[in-house]
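# how does the following fold in three dimensions:
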Amino acid sequence: MSLEITTRDGWAELVLADPPRNVLQVALLQEMVAALDELAAADAPLLLIRARGRHFSTGYPIGDIPEEIFHEDPLVRAATPFEMVMQRLTDYPAPVVMAVQGDAWGGAVEMLSCADIRVAAQGVRVALTPVRLGLIYSHTGLRRLLRTLGSPLLREMVLTGLPVAAERLERCGFFARVTAPQELEDCATQLMNALLHGAPGALRGTRRVLRILEETESLDKELLAEIARLRHDSRLSGEFRRAREAFLAGRPSPFLPDD
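Numbering: from 1, shown residues only. Now for the predicted structure:
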């Protein structure tokens, strides 16, 4: 198995475990699809994704880039394991955190763009190199990267193929935090524990609203109604009542797992 899955109190962890490069081979991507489907069907716990080895991932195997991801038919592209992983990460109900211990290249950067919060170790580099291979990146991938990197930086990265240091990516907001390598695991764990204080329904609803706002330039009546319904339901939820009672009484978050 090139993917390790661990379930913890309130959250789950997926580890890319095919060091040193964690190449996005079809087998790894298929394991991720199956794992994400299983987790989503099992109450969708908070999700942390990280990797073992020198690299977070070097992306696609250059010698065997699937032809299907460049197919003119969008349905063929959507059915590839890579696109299936990207869509499942985007659609995952609960917040997703990614901890980056090593360099990320190509498709791995798009994977990172699907996370809500990204943290990295000092010295990590991130690069998008399709033009150096004579390839044009997918519009769906560029849209995801545009939201997380911003237009000026994305243009620089995708047009030059040059790597960008984690420290610069922290300044532009792509990485929420950059820490010493030996502190990365603790940093990610602290974030997961912070998320556990949030009401699960409110976390899921907020993630959904953020996705709608990111992906829709103008909101039609149905989307506005969905946002209104999500917010209205959260105000009437038992989660809100429990959280308000705990706050007013000075008690810890009621959503933390029992010891």
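
# parallel or antiparallel, list what pairs with the helix or strand harbouring F56.
Assigned by DSSP states H and E, F56 falls within strand 55-57. Using DSSP bridges, strand 55-57 pairs in its sheet with strand 103-105 (parallel).

# which residues are contacting the partner strand?
Here strand 103-105 makes contact (Cβ atoms under 8 Å, 6 or more residues apart in numbering) with 54-59, 111-112, 124-129, 163. In this view, the C-beta of every residue, glycine as well, is placed from N, C-alpha and C.

# farthest-separated two in those?
R54 and L128 (19.3 Å; Cβ to Cβ).

# ok, which stretches of the protein are helices?
26-41, 74-78, 81-91, 107-113, 139-149, 151-160, 166-171, 184-195, 200-215, 221-236, 238-248 (DSSP state H).

# just the buried ones among the contacts of strand 103-105, please.
Buried residues within these, counting neighbours by 16 or more other Cβ atoms under 10 Å: 55-59, 111-112, 124-129.

# so F255 touches G198, yeah?
Yes: in this structure, F255 is within contact of G198 by Cβ atoms under 8 Å, at 6.6 Å.

# show me what contacts I5?
I5 touches A12, E13, L14, V15, A35, counting by Cβ under 8 Å, 6+ apart.

# do you know how far the second one is from E110?
When you say that, I think you mean E13. Counting by Cβ to Cβ, to the nearest Å, the gap from E13 to E110 is 21 Å.

# which one's more surrounded, those two?
A count of neighbours by other Cβ atoms under 10 Å puts E110 above the other of E13 and E110, at 25 against 20.

# residues contacting the nearest residue to that one once chain neighbours are set aside?
What sits nearest to E110 in space, not counting adjacent residues and going by Cβ to Cβ, 6 or more residues apart in numbering, is G141, at 4.6 Å. Listed by Cβ under 8 Å, 6+ apart, the contact partners of G141 are M86, G107, E110.
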